[in-house]
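J.: My questions are about this predicted structure, shown below with the sequence.
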Amino acid sequence: MTYTKLESSLDATDRKVKRCREDNDADEIINLAWRLGYKGERFFSPYAQDLISEMGLYSLAESSFRDGMSDLNY
């Protein structure tokens, strides 16, 4: 099986989210969401979204992602 660049990036993001969840690092998840938006990348995968939801950070992550997207447009 070959992976596209997007799939590889999603896998790396999923690993970061999993690590943040294990470390209970809410700030890093919020920063990661902003960076994804700023780079114009896709929002978290469904797997990562579930992990973020379990931490109770989904709304904050989504808001941070949108902030990153709006900063990109300036």
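T.: Arrived safely, thanks for sending. Note that the structure is a prediction, hence the values are computed from the model and not measured.
J.: use CA for all of it now, contacts and neighbours both
T.: Fine.
J.: Val17 and Ile29 touch, don't they?
T.: Yes. Taking contacts as Cα atoms under 8 Å, Val17 lies within contact range of Ile29: 6.5 Å.
J.: Could you pull out the helices in this structure for me?
T.: For the chain, the helices defined by DSSP state H cover 5-23, 26-39, 46-54, 58-72.
J.: mean pLDDT for those: which is lowest?
T.: Per-stretch mean pLDDT for these is lowest at helix 5-23 (a mean of 83).
J.: would you turn the helices of the chain into TSV with mean neighbour count?
T.: Putting these into TSV (neighbours: other Cα atoms under 10 Å) gives the following:
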stretch	mean neighbour count
helix 5-23	15
helix 26-39	19
helix 46-54	16
helix 58-72	18
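J.: Just list the residues touching the nearest residue to Glu62 once chain neighbours are set aside, thanks.
T.: Nearest non-adjacent residue to Glu62, counting by Cα to Cα, 6 or more residues apart in numbering: Ala33, 7.1 Å away. By Cα atoms under 8 Å, 6 or more residues apart in numbering, the contact set of Ala33 is 43-44, 61-62, 64-65, 68.
J.: cool, Ile52 as well?
T.: 17, 21, 29, 58, 61.
J.: so the second one makes contact with Leu51?
T.: Yes. With contact defined as Cα under 8 Å, Arg21 and Leu51 form a contacting pair (7.0 Å).
J.: residues touching the spatially closest residue to Arg66 that is not a sequence neighbour, list them.
T.: Nearest residue to Arg66, sequence neighbours excluded (Cα to Cα, 6+ apart): Gly37, at 6.2 Å. Residues in contact with Gly37, defined by Cα under 8 Å, 6+ apart, are 43, 64-69, 72.
J.: follow-up on the earlier one: between the contacts of Ala33, which is nearest Asp25?
T.: Taking Cα to Cα as the measure, Asp25 sits nearest to Ala61 out of the contacts of Ala33, at 12.5 Å.
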